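In: Below: sequence and its predicted model.
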Amino acid sequence: MRSVLPFVSVIGFASVILGFVPPEHQMLGSLAARESEHANVSVDPCLLADDLAVNRSLRLSSWLECRVNGFFPYPANGAWDTVFAQTFSPSLLATFNTTHHYNYTGWLELYHSINVTLGQNFAPFKHGFTHTLAIPNDNGDCGGTVYMIGWEGGYHVRSKQEFYATDAAFAVVENVGGGERKITEFRESANIWNTAPLPKPNEWTCGFAADH
């Protein structure tokens, strides 16, 4: 959930995104928000990720929301690369929009490139989740697949206006032992224009597992 707006393009984009009102729960997943709606309190998704009192679907979706909040956006989260390393598998296969394919190293390089640009263009850059759907694995472990849609943007420094766009992601989360989760497949799409240089795509030398 990244990317930034070039100043030269903001006028045409304004008619699409000006007036968009971000959700109130900027750092809270939609499932967690529903869980706490009657209590009128905000629930940290990190607290729900391993809470056995909630269902497996909510635990899995909360885990991904917690991790996304940890490595994105830079620079507000400080050592985001530490959370990145804890989240993605070394065997990661990832895509950004339709034409860029990356392994773990390329994906990390992409985040370094785009995150620096975010910090230069937004004050601050913000994001949130509107819908998150998690389908736990049938075998009962802590893995599964997760779909999420959210918003991203904020106050654009050069244009001196608020801009927001939509971001979506699909993740395959695997149990790597001891109840630990890692993302092995990640596909992200965003309709906000990007000015950061994109790393050269990586050649994939293997296919996805048949059950994915």
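Out: Nice, I can see it.

In: Ser89 reaches Thr184, doesn't it?
Out: Yes. Counting by Cβ atoms under 8 Å, Thr184 is a contact partner of Ser89 at 4.6 Å. Every residue, glycine included, has its C-beta placed from N, CA and C.

In: Look at those two and report which has more neighbours.
Out: Between Ser89 and Thr184, counting by other Cβ atoms under 10 Å, Thr184 is the more crowded of the two (22 against 17).

In: Now do stretch 72-79, average pLDDT.
Out: Averaged across stretch 72-79, pLDDT comes to 74.

In: Need the residues touching each of Ser89 and Thr184.
Out: Counting by Cβ atoms under 8 Å, 6 or more residues apart in numbering, the contacts common to Ser89 and Thr184 are Glu174.

In: Flag the shaky bits of this protein, pLDDT-wise.
Out: 1-41, 74-75, 99, 205-212 (pLDDT under 70).

In: how about a cut-off of 50?
Out: Where the chain drops to pLDDT under 50, the residues are 1-40.

In: Tell me if Leu47 really is in a helix.
Out: Yes. Residue state for Leu47 (DSSP: H, G, I helix; E, B strand; the rest coil) corresponds to a helix.

In: Chain neighbours aside, what residue packs nearest to it?
Out: For Leu47, ignoring the flanking residues on the chain, the nearest one in space by Cβ to Cβ, 6 or more residues apart in numbering is Ser62 at 7.9 Å.

In: Report the separation between the closest residue to Glu180 other than its chain neighbours and Trp63.
Out: Among residues not flanking Glu180 along the chain, Cys142 sits closest, at 7.9 Å (Cβ to Cβ, 6+ apart). With the distance defined as Cβ to Cβ, to the nearest Å, Cys142 ends up 8 Å from Trp63.

In: Need the residues touching each of the two.
Out: 173, 181.
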